[in-house]
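Engineer: Structure for this input, please:
(one chain, ligands or ions: 1)
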Amino acid sequence: MSAGGTLVVGGGFVGTAVARRLAERGEAVTVTSRRRPGHLPDTRGVRWQALDATDAEACDRLSARLRPRRVVLVHGPSDVTWCEEHPERAVAAHTAAAANLAAAAGDARLLMISTDNVFDGSRPGNTEDTPPSPANAYGRAKLRTEERLLGAAADVVVLRVSLVYGHEPADAGKWLNFFAACAHRLLRGEPVTAPHDQWTTPAHVDDVAEVTAAVLCTEAPVPPVLHLGGPDRVSRAAWASVVAEEVGAPPQLVVPTPRAGTRYASRPENTCLRSSLLGRLPATEAIAVRGVREGARSLAAAFGTEC
Ligand SMILES: NC(=O)c1ccc[n+]([C@@H]2O[C@H](COP(=O)([O-])OP(=O)(O)OC[C@H]3O[C@@H](n4cnc5c(N)ncnc54)[C@H](OP(=O)(O)O)[C@@H]3O)[C@@H](O)[C@H]2O)c1
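Structural biologist: Have a look, this model is predicted:
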């Protein structure tokens, strides 16, 4: 990356999509993670560099070499269940990486991908004005990181994103998003148990990448906290049924269940995001985030050919 490009810290499901979109816009992008991602975008302009972002000296060295103009913090740990079991490690990993990059990146614009889990789930929707109040360890770690970052650097944007979905190949090993896990399992004829009492506003990963790139690259002022959710508020069970219908799997394979006692038990009941700001910013006002039906339809063909 020549001086002035973008550093994407985290090469997972969301980070690679953001890197691809930035490269498509002509940005030179360096994706970093501890291990090389299995599915790095083959887009011209994207390259990978090993980095443990909790290592302050390594962040300093990389930043001094690349001198990025923009930094996207989209690193893990992202597994809500793992964070619940390791709350202190989750806070330490997230906050250390953010503090290191804030210190190392000088006057670069820093954009952190945060989460709807900073809310406790008591309201059907959360705007940028809703006071955060996390109900699980993952949400607490992300909120602490937001606060640390907003207090540490001048040009910071916290983009809180609702449940992100998109394509992942059948051979990925472990699917990182609910949509892909549902689609692959349903197409294999396996039942999918999904809570009917956990509500989100799912956002297509390409739309998340589009908004991230627009917010990151605009020269216009951007509010420090922005929300990004899709237009539809759906329960996990309803979302799984839409996936079944669109990929052509039998809808009766979806088994609605209460979230208590499942791996979703620590998720708040409502983690839906609404924005009172995105539609009014010149950089993002024209971006239409897909609804679940349109999003599922746009992805169905890619799943159907694999299974
Ligand atoms: N997916 C969603 O629905 C969603 C929604 C809202 C917010 N987010 C946020 O977006 C971020 C990424 O989510 P994701 O779904 O893309 O997660 P992911 O697929 O698990 O990717 C996480 C990435 O971070 C890297 N990483 C972890 N620790 C690191 C470290 N110390 N230094 C450098 N890289 C490190 C991982 O690679 P290595 O392990 O090899 O280092 C991996 O490439 C998370 O912070 C999450 O809170 C995600």
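Engineer: Grab the longest helix from the chain for me.
Structural biologist: Assignment by DSSP state H gives helix 87-104 as the longest helix of the chain.
Engineer: and that one, which residues are buried?
Structural biologist: Residues 90-91, 93-102, 104 are the ones in helix 87-104 that count as buried (16 or more other Cβ atoms under 10 Å). Where C-beta positions appear, they are placed from N, C-alpha and C, glycine not excepted.
Engineer: what does stretch 144-151 give?
Structural biologist: Arg144, Thr145, Glu146, Arg148, Leu149, Leu150.
Engineer: ok, now stretch 164-183?
Structural biologist: Judged by neighbour count using 16+ other Cβ under 10 Å, the buried positions of stretch 164-183 are 164-168, 172, 175-183.
Engineer: and the residue in the stretch 101-250 of the chain that the ligand sits nearest to, what is it in contact with?
Structural biologist: Nearest residue of the stretch 101-250 of the chain to the ligand: Val164, at 3.4 Å (Cβ to the nearest ligand atom). By Cβ atoms under 8 Å, 6 or more residues apart in numbering, the contact list for Val164 reads Phe13, Val14, Asn177, Pro202, Ala203, His204, Val205, Val208.
Engineer: again, but for Ser133
Structural biologist: With Cβ under 8 Å, 6+ apart, Ser133 has these contacts: Val118, Phe119, Asp120.
Engineer: could you redo the last one with a cut-off of 10 Å?
Structural biologist: Counting by Cβ atoms under 10 Å, 6 or more residues apart in numbering, Ser133 touches Val118, Phe119, Asp120, Gly121, Ser122, Arg123, Asn126, Gly139, Arg140, Leu143, Pro268.
Engineer: what do you get for Leu278?
Structural biologist: 128, 159, 211, 214-215, 223, 226-229, 284-285, 287, 289.
Engineer: if we go to 8 Å?
Structural biologist: Shown in contact with Leu278 (Cβ under 8 Å, 6+ apart): Val211, Leu226, His227, Leu228, Thr284, Glu285, Ile287.
Engineer: By neighbours, which of the residues you listed wins?
Structural biologist: Top of the contacts of Leu278 by neighbour number is Leu228, holding 27 neighbours under the definition other Cβ atoms under 10 Å.
Engineer: hey, what's it bridged with?
Structural biologist: With DSSP bridges as the criterion, Leu228 is bridged to Val161.
Engineer: my guess is Glu285 meets Gly279, correct?
Structural biologist: Yes - using Cβ atoms under 8 Å, Glu285 makes contact with Gly279 at a distance of 5.6 Å.
Engineer: where does this protein come near the ligand, residue by residue?
Structural biologist: Within the chain, the positions near the ligand by Cβ under 6 Å from any ligand atom are 9-15, 32-35, 37, 51-54, 74-76, 78, 93, 97, 113, 115, 142, 161, 163-164, 176-177.
Engineer: Buried subset of these as a PyMOL selection?
Structural biologist: Buried residues among these (16+ other Cβ under 10 Å), as a PyMOL selection:
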select buried, resi 9+10+11+12+13+14+15+32+33+37+51+53+54+74+75+76+78+93+97+113+115+142+161+163+164+176+177
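Engineer: So which of the residues of the chain next to the ligand belong to strands?
Structural biologist: Val9, Thr32, Ser33, Ile113, Thr115, Val161, Val164 (DSSP state E).
Engineer: I figured Pro224 was touching Glu147, is that so?
Structural biologist: No - under the criterion of Cβ under 8 Å, Pro224 is not in contact with Glu147, lying 11.1 Å apart.
Engineer: Can you give me the end-to-end span of stretch 42-54?
Structural biologist: End-to-end distance for stretch 42-54: 27 Å, by Cα to Cα, to the nearest Å.
Engineer: Now for Lys115: which residues touch it?
Structural biologist: Actually, residue 115 is Thr rather than Lys. Neighbouring residues of Thr115 by Cβ under 8 Å, 6+ apart: Tyr138, Gly139, Lys142, Arg160, Val161, Thr271.
Engineer: Quick check, the fourth one in contact with Met112.
Structural biologist: It stands for Arg160. No - contact criterion Cβ under 8 Å: Arg160 and Met112 do not qualify, at 9.1 Å.
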